[in-house]
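Engineer: Mind folding the following:
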Amino acid sequence: MSEPFIARVSRLRNGLLVLGAAGFVAAGIFLLGVDDPRRPMMHFWSWVAIVFFGAAALVGIRQFFRTEPVVEIDARGLLWRRWSDERIPWSAFDRAEIGEIRRQRFLSLWLRDPERYRSTSLTGRLAGANKALGFGDISINVTGTDQKFDALAGAINRYAPELRQPGD
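Structural biologist: Below you'll find the predicted structure:
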């Protein structure tokens with residue numbers, strides 16, 4: 001069969017994401033110093049920006065030290081280290097769909113037995129929010145990696161075409 005799909009951390013893309021998050025943290029800190037009685041929620045949203053984007057920057061900084069591939073897709077299944085270090089065989093999935101939120105595309109996968117392939121990462125613990133929005137158990141993106149989304153979707157088509165829904 002063809003070459004496996006492998007996505008690694010892109011230092012450049014990841015660095016840009018960290019810089020963007022740091023910029024939002026700086027803006028939040030700046031806005032804490034603005035006392036405008038017409039905007040009573042400004043301090044609240046400033047703290048939200050500082051905490052959220054600060055956490056995103058820390059996660060991004062941690063990615064600089066990742067040496068192994070983030071995503072591997074081959075005939076054996078899917079290994080997405082932002083979910084867990086366990087390869088999930090294609091037989092464990094029911095279907096796959098492409099999702100999009102504000103022009104950010106991702107691949108949603110529905111597990112036959114979600115309890116069998118539980119996440120060991122923060123990403124997985126937050127997956128319930130995606131599920132509540134109607135997306136799959138696992139939603140993969142290639143943000144911050146050296147791959148493009150179309151290559152990810154193409155790998156699913158090659159290795160697990162039975163998962164794709166008509167029209168995808």
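Engineer: Give me the outermost residue of the chain relative to its centroid.
Structural biologist: Residue farthest from the centre of the chain, counting by CA atoms, centre = their mean, is residue 37 at 37.8 Å.
Engineer: quick one: contacts of stretch 63-78?
Structural biologist: If you take CB atoms under 8 Å, 6 or more residues apart in numbering as the criterion, stretch 63-78 is touched by 1, 4-9, 11, 14-15, 79-82, 87-90, 92-93, 109, 138, 140, 142, 144-145, 147, 152, 155-156, 159. Every C-beta, even on glycine, is put in place using the N, C-alpha and C of the backbone.
Engineer: ok, now stretch 23-41?
Structural biologist: Counting by CB under 8 Å, 6+ apart, 42-43, 45-50, 52-54, 57 sit against stretch 23-41.
Engineer: ok so, going back, I'd guess the residue farthest from the centre of the chain is in a strand, am I close?
Structural biologist: No. Read with DSSP: H, G, I helix; E, B strand; the rest coil, residue 37 is coil and lies in no strand.
Engineer: and the gap between it and residue 133?
Structural biologist: For residue 37, the distance to residue 133 (CB to CB, to the nearest Å) stands at 36 Å.
Engineer: Mind checking which residue lies nearest the centre of this structure?
Structural biologist: The chain has residue 141 as the residue nearest its centroid, 4.7 Å off, counting by CA atoms, centre = their mean.
Engineer: Look up how far residue 148 lies from that residue.
Structural biologist: 11 Å.
Engineer: hmm, back to that, put the buried members of the contacts of stretch 63-78 into a ChimeraX selection.
Structural biologist: Buried residues among the contacts of stretch 63-78 (16 or more other CB atoms under 10 Å), as a ChimeraX selection:
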select :4,5,6,7,8,9,14,79,80,81,82,88,90,92,93,109,138,140,142,144,145,147,152,155,156,159
